[in-house]
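A.B. asks: Next one to model:
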Amino acid sequence: MATRRFGRWERYAWAAGILYVAALIAEIAVGASLGINQDDSTAKIVSRMHEHRDRLLVTAYIAVVYSVAFALYLSRLHELMRSESARVLSSLVLIGGVLFIALHAVSDIGITGLLGAKLAAYGAAHDPGIPYTLFLMTFALDSVGGVFSSLFLLAVGSLAMRSAVLPRWLAWVALIGGVAAFLQGFGLGGVIASFGLALELVGFVLLLIFVLVSSILLLRRERASGTLAGSVE
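C.D. replies: Numbering: from 1, shown residues only. A predicted model of the protein is given here:
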């Protein structure tokens, strides 16, 4: 009975990985509907955020879901990929993943939620510089999070290359995504230089592909092993 319960919770962790990707895509869609970016004028950014404060709050609410979902996925992935012969890489999977999701949560839950709840309205009425600065801060924090996601991707890609836990092509997805996520930091995700935004998009899309595909494959494997264990019993 204990074995079955443990297997069920493992499947929940992989399902959380799928939920992370779905929630993040939903959050991106809501954020894109604002129609602003870091190159727009202060007046346009502040007025759009004030006009669509409800969308900022929805973005923050979705971020609450995806942050917890990624943490569940990460905990199981780290356990699965842990290697006694490569302890540093195993540690970097956890360290990089935790710092990545923590920085994104600060940006998308903390700052975006604060803008939607209070500061977008205050800035439109009093000081537009405050919400404008915080809006750019979200890009900066996401970029820093991307740098730490490179540790996660490079470490998990290297570990996957050494084992048969995941397909080799998926390991290459992680490694290429890790390189792009690291290099985008020099452009601060597009705030300093435009190449940063392009590389950030590449790294982020490859991270989503890795999380989604690994979650689906490992969920199927857990279900198959659970069915086999049940038939044996």
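A.B. asks: Give me the spatial nearest neighbour of Tyr20, chain neighbours excluded.
C.D. replies: Ala69 (4.0 Å; CB to CB, 6 or more residues apart in numbering). Any C-beta I mention is one placed from the backbone N, CA and C, and that applies to glycine too.
A.B. asks: Helix or strand: which one has the one you found?
C.D. replies: helix 53-81 (DSSP states H and E).
A.B. asks: circling back: check contacts around the residue nearest to Tyr20.
C.D. replies: Going by CB atoms under 8 Å, 6 or more residues apart in numbering, Ala69 touches 16-17, 19-20, 23.
A.B. asks: In the helix or strand hosting Phe152, which residues are buried?
C.D. replies: Assigned by DSSP H and E, Phe152 belongs to helix 129-162. Of all the residues in helix 129-162, those buried under the rule 16 or more other CB atoms under 10 Å are 131-132, 134-135, 138-160.
A.B. asks: Likewise for stretch 58-67?
C.D. replies: So stretch 58-67, judged by 16+ other CB under 10 Å, has buried residues 58-63, 65-67.
A.B. asks: could you give me the average pLDDT of it?
C.D. replies: For stretch 58-67, mean pLDDT is 97.
A.B. asks: Using CSV, write out every CA atom in that stretch.
C.D. replies: Only the C-alpha atoms of stretch 58-67 are listed here, as CSV (Å, rounded to 0.1, in the frame of the first residue of the first chain):
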residue,chain,number,x,y,z
VAL,A,58,-4.5,37.8,-13.2
THR,A,59,-0.9,37.5,-14.3
ALA,A,60,0.2,37.4,-10.7
TYR,A,61,-2.5,34.8,-9.8
ILE,A,62,-1.4,32.5,-12.5
ALA,A,63,2.2,33.0,-11.4
VAL,A,64,1.3,31.7,-8.0
VAL,A,65,0.1,28.4,-9.6
TYR,A,66,3.1,28.0,-11.9
SER,A,67,5.7,28.8,-9.2
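A.B. asks: Name the residues that touch it?
C.D. replies: Contacts for stretch 58-67 (CB under 8 Å, 6+ apart): 19-20, 23-24, 26-27, 30-31, 101, 104-105, 108-109, 112-113, 116.
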